[in-house]
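Chemist: Next comes the sequence, and after it the predicted model I'd like to discuss.
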Amino acid sequence: MASCSLNSAFVDDINDPGAAPYGNFINYYTFNPPENRLSLIPTTLLQDIGYSDRHQPTLILDVGCNSGELSVAFYKHLVQEPESDGSKVHLLGLDLDEGLIQRAQQTNPLLSNISFISLDITAATDQLQDYLNQHSCSSFHLCLCLAVTMWVHLNHGDSGLLQLLSRLASISQHLLMEAQPWKCYRSAARRLRKLGRSDFDHFKTLKIRGDIAKCVREHLERHCGMKLIHSFGRTAWDRKLLLFKKS
């Protein structure tokens with residue numbers, strides 16, 4: 001069987017954050033560990049938003065889960081006995097990167113309650129409906145969309161960002177958002193150019209700029225029937241964690 005090796009220049013390239021134009025960093029949680037978010041979120045979150053009945057299923061969706069470390073840590077943070085097969089809380093993590101999903105599946109310690117699938121949230125989402133049907137639910141009780149909006153925005157434009165927000169609102173009762181600020185857009189574009197790659201297709205033509213978190217809130221509240229009910233402050237990277245509820 002033939003074998004091949006990666007030269008050092010290529011290894012450096014794939015580890016550079018700029019080499020992940022969709023945010024699918026291969027080592028994301030080494031520089032942004034789960035605790036950066038979890039330290040702001042109460043362990044009683046599910047009870048606080050009304051999901052305390054252990055006999056009814058509670059479904060959580062993690063959009064852009066990468067290799068799954070935050071998904072697992074978030075689940076353990078909220079569920080007191082995560083190893084219990086009787087737990088009715090289930091989490092589905094999705095990411096467009098099949099390699100990252102394979103890693104998440106291989107290291108998943110809670111197979112009864114956490115699942116991972118490769119899926120592009122901007123494309124067809126029949127798999128999400130199948131998952132909901134499997135659990136006899138019409139929507140996810142809580143959806144996480146953490147540091148995903150910028151990558152959709154850069155790769156799919158203003159309309160892509162708004163469509164993402166509308167889609168998540170349509171399948172969620174509660175939505176926990178972390179939108180990257182505009183300075184992150186400039187940094188991502190600069191890293192991509194530094195690697196000698198083409199700029200993001202939509203970067204120079206985006207009309208939604210400035211306070212991105214404010215724009216996200218306005219769209220969710222004006223057009224998606226959602227209402228901001230709590231801000232958990234700012235992460236170590238100075239990003240707001242905002243919790244919305246379907247009105």
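Modeler: Good, I have the coordinates. Numbering: from 1, shown residues only.

Chemist: By residue count, tell me the biggest strand in this structure.
Modeler: The longest strand of the chain (DSSP state E) is strand 226-234.

Chemist: tell me what it is packed against?
Modeler: Under the contact definition 3 or more CB pairs under 8 Å, 6 or more residues apart in numbering; DSSP states H and E, strand 226-234 sits against helix 212-223, strand 240-246. For the C-beta atoms, the positions are set from N, CA and C on the backbone; glycine is no exception.

Chemist: Just name the most buried of the ones you listed.
Modeler: Scoring the helices and strands packed on strand 226-234 by mean neighbour count under mean count of other CB atoms under 10 Å gives strand 240-246 as the most buried, with a mean of 19.

Chemist: I'd like the average pLDDT over that strand.
Modeler: For strand 240-246, the mean per-residue pLDDT is 97.

Chemist: which residues touch it?
Modeler: 37, 40-41, 49, 146, 169, 172-179, 213, 216-217, 220-221, 225-235 (CB atoms under 8 Å, 6 or more residues apart in numbering).

Chemist: tilt between that strand and strand 226-234?
Modeler: Between strand 240-246 and strand 226-234, the angle comes out at 160 degrees (axes from the mean of the first three to the mean of the last three CA atoms, to 10 degrees).

Chemist: Give the next helix or strand downstream of the helix or strand where residue 72 lies.
Modeler: Using DSSP states H and E, residue 72 falls within helix 69-78. Downstream of helix 69-78, the first helix or strand assigned by DSSP H and E is strand 89-95.

Chemist: Strand partners (parallel or antiparallel) of that following strand?
Modeler: Sheet pairing of strand 89-95 (DSSP bridges) gives strand 58-63 (parallel), strand 114-118 (parallel).

Chemist: Single out the most deeply packed of the ones you listed.
Modeler: Comparing these by mean neighbour count (mean count of other CB under 10 Å), strand 58-63 ranks first with a mean of 25.

Chemist: Please enumerate residues in contact with that strand?
Modeler: 46, 51, 70-71, 74-75, 88-94, 121, 128, 131-132, 135, 137, 139-146, 148, 168, 171-172.

Chemist: could you give the mean pLDDT of the helix holding residue 72?
Modeler: Here the average pLDDT along helix 69-78 is 97.

Chemist: Pretty sure residue 101 sits against residue 116.
Modeler: Yes - between residue 101 and residue 116 a contact is recorded at 5.2 Å, counting by CB atoms under 8 Å.

Chemist: Residue 182: how many residues sit nearby?
Modeler: By other CB atoms under 10 Å, 17 other residues sit near residue 182.

Chemist: so where's the protein shaky on pLDDT?
Modeler: Scanning the chain with the threshold set as pLDDT under 70 gives 1-19, 54, 83-86.

Chemist: mind listing the helices for it?
Modeler: 8-15, 28-31, 35-38, 45-48, 69-78, 98-107, 126-134, 149-170, 182-194, 212-223 (DSSP state H).

Chemist: Reformat those as JSON lines; add distance to residue 56.
Modeler: JSON lines is the format used below for the helices of the chain (distance: least, CB to CB, whole Å):
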{"stretch": "helix 8-15", "distance to residue 56": "43"}
{"stretch": "helix 28-31", "distance to residue 56": "31"}
{"stretch": "helix 35-38", "distance to residue 56": "25"}
{"stretch": "helix 45-48", "distance to residue 56": "11"}
{"stretch": "helix 69-78", "distance to residue 56": "15"}
{"stretch": "helix 98-107", "distance to residue 56": "26"}
{"stretch": "helix 126-134", "distance to residue 56": "14"}
{"stretch": "helix 149-170", "distance to residue 56": "21"}
{"stretch": "helix 182-194", "distance to residue 56": "38"}
{"stretch": "helix 212-223", "distance to residue 56": "26"}
